[in-house]
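In: Need coordinates for the following:
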Amino acid sequence: MTKLSVNINKIATLRNSRGGNNPDVLKAAIDCLKFGADGITVHPRPDERHIRYSDVKEISKVIPLFSNAEFNIEGNPKEDKFVKLVLEVKPHQVTLVPDAPGQLTSNHGWNTLKEKTYLQHIISVFKKAGIRVSIFVDAEETIITGASETGTDRVELYTESYAKNYLQNPVVAIAPYIKAAEKATQCHLGLNAGHDLDRQNLRFFQQSIPQLLEVSIGHALIADAIYYGLENTIQLFKRELTLNR
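Out: Numbering: from 1, shown residues only. Got it, this is the predicted structure:
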């Protein structure tokens, strides 16, 4: 079964816009797990404009209270502060994303060919600490092949292009992702996915890529929760991942 990791960055964004602690990010993480999420994802950025480094440390303390729940920390390892945080917290998984400072949201994956030497080094740092590593990549077979030479455990497919083109032609939209997934399997890489996945396009994506281990979903899920409530929304997303399996 594909696991659902809920990215709670947007809850932190709402809190930070007003100050104080409403909504309570730690409580939101706990509630997501109570409501059926398989894990929590956070993506702290250097300016801490949403998730703060202190949030990450607090959340890490409650994850063990839920059996089989996983903690996934995303970020750019070229920021020393990020590397130190991950090594201190030791999440189940770190997802390496090549974001530039101040970038609004992730918009591209690693060039695993040009960055091979660097990725080999930084991935080994995390793996020596017992942390599973996933790297954020575009759905290109050469990039996947390059990823297999870095030592990473998994790749996370950047799904913005799929989501953008899904409504026009889902078969065309999914085609490069199927090829990328097949290449990942050939290379013995675990497969995650994330970015702009929602209740409209999630089921087709997962059914087209049966080897998918995990999806990380934040914006669409939190937006739906405004209308349907957090508990109900998590169950709706979980249903998309299990229906007709």
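In: and L212, what pLDDT?
Out: Looking at L212, its pLDDT is 98.
In: how close does the nearest residue to it once chain neighbours are set aside get to N232?
Out: Of all residues not flanking L212 in the chain, T2 sits nearest, at 4.8 Å (Cβ to Cβ, 6 or more residues apart in numbering). From N, CA and C alone the C-beta is placed, and that goes for glycine too. Distance, T2 to N232, using Cβ to Cβ, to the nearest Å: 20 Å.
In: V133 now?
Out: Counting by Cβ to Cβ - V133 and N232 are separated by 33 Å.
In: The two: who's more crowded?
Out: Taking other Cβ atoms under 10 Å, V133 and N232 do not tie; V133 has more neighbours (23 against 13).
In: Just give me the residue right at the centre of the chain.
Out: Per Cα atoms, centre = their mean, the C-alpha nearest to the average position across the chain is that of S216, at 3.8 Å.
In: just checking, that residue is part of a strand?
Out: Yes: with DSSP: H, G, I helix; E, B strand; the rest coil as the criterion, S216 is located in a strand.
In: wait, doesn't it sit right on S5?
Out: Yes: S216 is within contact range of S5, at 4.6 Å (criterion: Cβ atoms under 8 Å).
In: Would you mark the buried spots in the lengthiest helix in the chain?
Out: Determined from DSSP state H, the single longest helix within the chain is helix 170-186. Buried residues in helix 170-186, counted by 16 or more other Cβ atoms under 10 Å: 170, 173-174, 176-177, 180-181, 183-184.
In: could you check the distance from L14 over to G20?
Out: As judged by Cβ to Cβ, L14 and G20 stand 11 Å apart.
In: rewinding a little: so how many other residues sit close to the residue nearest to L212?
Out: 23.
In: and it, what pLDDT?
Out: In this model, T2 carries a pLDDT of 97.
In: Can you pull out the low-pLDDT segments for this structure?
Out: Low-confidence segments of the chain, defined by pLDDT under 70: 100-107, 244-245.
In: Strands of the chain, residue ranges please.
Out: Ranges of strands in the chain, per DSSP state E, are 3-7, 39-42, 70-75, 93-96, 132-137, 154-158, 190-194, 214-217.
In: what are the pairing partners of the second one, and which direction each?
Out: Spelled out, it's strand 39-42. strand 3-7 (parallel), strand 70-75 (parallel) (DSSP bridges).
In: Ok, the fifth one next?
Out: The strands that strand 132-137 pairs with in its sheet are strand 93-96 (parallel), strand 154-158 (parallel) (by DSSP bridges).
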